[in-house]
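Peer 1: Show me how the following folds:
(chains A, B and C)
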Amino acid sequence: MAVVRYDPFEGGLGFSLATRVGDFVYTSGMVGIDPSFNVPEDPAEEFRLVFANLAEILEAVGSSLDQVVESTNFFAGDVGSLYPVFEAVRKDVFNGALPASTSVVVSQLLDPRFHVEVKLVATVPSSE
Amino acid sequence: MAVVRYDPFEGGLGFSLATRVGDFVYTSGMVGIDPSFNVPEDPAEEFRLVFANLAEILEAVGSSLDQVVESTNFFAGDVGSLYPVFEAVRKDVFNGALPASTSVVVSQLLDPRFHVEVKLVATVPSSE
Amino acid sequence: MAVVRYDPFEGGLGFSLATRVGDFVYTSGMVGIDPSFNVPEDPAEEFRLVFANLAEILEAVGSSLDQVVESTNFFAGDVGSLYPVFEAVRKDVFNGALPASTSVVVSQLLDPRFHVEVKLVATVPSSE
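Peer 2: Next up, the predicted model:
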C-alpha cells in the first residue's frame, strides 16, 4: 500500500512525524516541547503538551486521539512520582476512549529535559 | 475503522488491556501477575503467567497466541540468567508459531517485582 | 488473516525474523551482525549493517526499506556520540522515504557488542 508521510520539517529531523498506510497511522515518539522548543518545568504541563502535539499530528493525517489503538510510553526519571501525574493527564486526554498501553522506564531519552516519550498507533474514522 | 476496546477494569487502569481494529489486535504490556495480584518468585512461573494472561486477553478479542505477529519484550534485571528461561517458556508457549520479536533491558518496569513486560500485536483467524 | 513467518533459522532463534499479515510486515529487532557473527567496531559500519540486514529481511517477505512506516530504535551506550552517526546512516539508507521513528536509550541489549537494535513495521507495495 502507498505510504503517506507527514514530515513538516521536510527531512530535517531524519524521520517523519507520522505515516499513514491504509487505515493505520503510526506516530513518531513525541515529547513535551512547544513550537519555540521550550519544555515546561511542570511534568503535568509537559505531559499535556505531549498529547497536544500528538493530537495535532494525528489530525494532520486524518486521525484523532479517540482513534488511538496503542500507546507506548518511555519514561525517564522518577517514575514513582511521574506515573500518577501521567495517568491523570492521560485519563483526561483520552476521555474514556482508552488505548492499549505499555509503560517502561528507559535509561535516557535523547534530550534530558523530557520525562516521557510517547508513540502511538491509531486508525482513521470509518467515515474516511 | 471502529476501535473495539477490551477494558474489564472499566477505566480503572487508565488503559485498555487490548484493542481490536479490523483484523488487528494490540495488547497492553502484560506482566506475570495472578488474579490475587501475586507475582510468582520463580521467573519461569512468572513468564508462563505473562503468556497465560496474554492468551486470555487475546481470546477476549477474538485472537490467540498462534496468531501473534510481533512480541516486544522489556526485561528488568539480570537478563543473562532471565533470557534463557524466557526463551524456554516462549518456545513452549508458541509451539512453532513464532512471532517476530524484540527484547531489550530497560531500567525499570512500573512494579519492581516483575522481570519482563510483554506487548503483542496479533491478527484474528481468517474464519472470523 | 494468515500469518506468514520468515524464520530461516527454523526455530533456532525462538522467534521469526519477520512476519507478514495482509499488507503489513513486522520485523524482529535487528542488530549489526554479519553472517559470520562479527560486529563491526565502527558504529557507522555497524548501523549500515543493521539496515542491510533489515533490507534483506524485508525483501524476503515482499517489502523494502522505502515501504517502512515505523522504526523503533533502542540504543545502548553513549547516545550523544552514537545518534548523529545513526542519523547520517539513516538519512542515506531511507533516501527521502522517511518512516515515523522513536529512539530511546535502554540499559542493555541482549549482546553488549551492539549499539542499537532496530525494529520496523512496513507495508508491501501496492502492486503486490
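Peer 1: can you give me the end-to-end distance of stretch A:5-13?
Peer 2: 13 Å (Cα to Cα, to the nearest Å).
Peer 1: Give the rounded mean pLDDT of that stretch.
Peer 2: Average pLDDT, stretch A:5-13: 95.
Peer 1: hmm, that stretch in reach of chain C?
Peer 2: Yes: using Cβ under 8 Å from any Cβ of the partner chain, stretch A:5-13 reaches chain C at A:5, A:7, A:11, A:13. Every residue, glycine included, has its C-beta placed from N, CA and C.
Peer 1: I'd like to know which of those residues are buried.
Peer 2: For the residues of stretch A:5-13 next to chain C, a neighbour count by 16 or more other Cβ atoms under 10 Å in any protein chain shown gives the buried set as A:5, A:7.
Peer 1: Filter the residues of stretch A:5-13 next to chain C down to the ones in strands?
Peer 2: Using DSSP state E, the subset of these located in strands is A:Arg5.
Peer 1: of all the residues of stretch A:5-13 next to chain C, which comes closest to chain B?
Peer 2: Taking Cβ to the nearest Cβ as the measure, chain B lies nearest A:Arg5 of the residues of stretch A:5-13 next to chain C, at 20.9 Å.
Peer 1: Identify all residues paired with the closest residue to that closest one other than its chain neighbours through a beta bridge.
Peer 2: Distances taken as Cβ to Cβ, 6 or more residues apart in numbering or on different chains put A:Ser16 closest to A:Arg5, at 4.2 Å, once the chain neighbours are dropped. Judged by DSSP bridges, the bridge partners of A:Ser16 are C:Ala100.
Peer 1: any weak-confidence spans in chain A?
Peer 2: Where chain A drops to pLDDT under 70, the residues are A:127-128.
Peer 1: Residue numbers of it in contact with chain B?
Peer 2: Counting by Cβ under 8 Å from any Cβ, chain A sits next to chain B at A:23-24, A:67-72, A:79, A:83, A:87, A:90-91, A:96-107, A:121, A:123-124, A:126.
Peer 1: Next, count neighbours for A:Val118.
Peer 2: By other Cβ atoms under 10 Å in any protein chain shown, 25 other residues sit near A:Val118.
Peer 1: For beta bridges, what are the partners of it?
Peer 2: The bridge-partner assignment for A:Val118, based on DSSP bridges, gives A:Met30, A:Asn73.
Peer 1: show me what contacts it?
Peer 2: Shown in contact with A:Val118 (Cβ atoms under 8 Å, 6 or more residues apart in numbering or on different chains): A:29-31, A:50-51, A:54, A:71-74.
Peer 1: And A:Val79, by the same measure?
Peer 2: The contact partners of A:Val79, by Cβ under 8 Å, 6+ apart, come to A:103, A:105, B:108, B:110.
Peer 1: Now compare these and name the two farthest from each other.
Peer 2: Of all pairs drawn from the contacts of A:Val79, the greatest distance, 10.2 Å, lies between A:Ser103 and B:Gln108 (Cβ to Cβ).
Peer 1: of those two, who's got more company?
Peer 2: More crowded of A:Ser103 and B:Gln108, by other Cβ under 10 Å: A:Ser103, with 25 against 18.
Peer 1: tell me which element the more buried one is part of?
Peer 2: Here A:Ser103 is covered by strand A:100-105, with elements defined by DSSP states H and E.
Peer 1: now for that strand, which elements pack on it?
Peer 2: Counting contacts by 3 or more Cβ pairs under 8 Å, 6 or more residues apart in numbering or on different chains; DSSP states H and E, strand A:100-105 packs against strand A:68-75, helix A:79-94, strand B:68-75, strand B:108-109, strand B:116-123.
Peer 1: Columns distance to A:Leu58 on top of these, output as TSV?
Peer 2: TSV is the format used below for the helices and strands packed on strand A:100-105 (distance: least, Cβ to Cβ, whole Å):
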stretch	distance to A:Leu58
strand A:68-75	8
helix A:79-94	12
strand B:68-75	22
strand B:108-109	28
strand B:116-123	19
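Peer 1: How about the secondary structure of the nearest residue to A:Asp66 once chain neighbours are set aside?
Peer 2: Nearest residue to A:Asp66, sequence neighbours excluded (Cβ to Cβ, 6+ apart): A:Ala97, at 4.0 Å. With DSSP: H, G, I helix; E, B strand; the rest coil as the basis, A:Ala97 sits in coil.
Peer 1: Identify the residues contacting A:Ala97.
Peer 2: Contacts for A:Ala97 (Cβ under 8 Å, 6+ apart) come out as A:65-68, B:3, B:5.
Peer 1: For those, pick the one with the most neighbours.
Peer 2: Neighbour counts for these, by other Cβ under 10 Å, peak at A:Val68, which reaches 29 neighbours.
Peer 1: Please list all residues in contact with that residue.
Peer 2: Contacts of A:Val68 (Cβ under 8 Å, 6+ apart): A:58, A:94, A:97, A:99, A:120-122, B:3.
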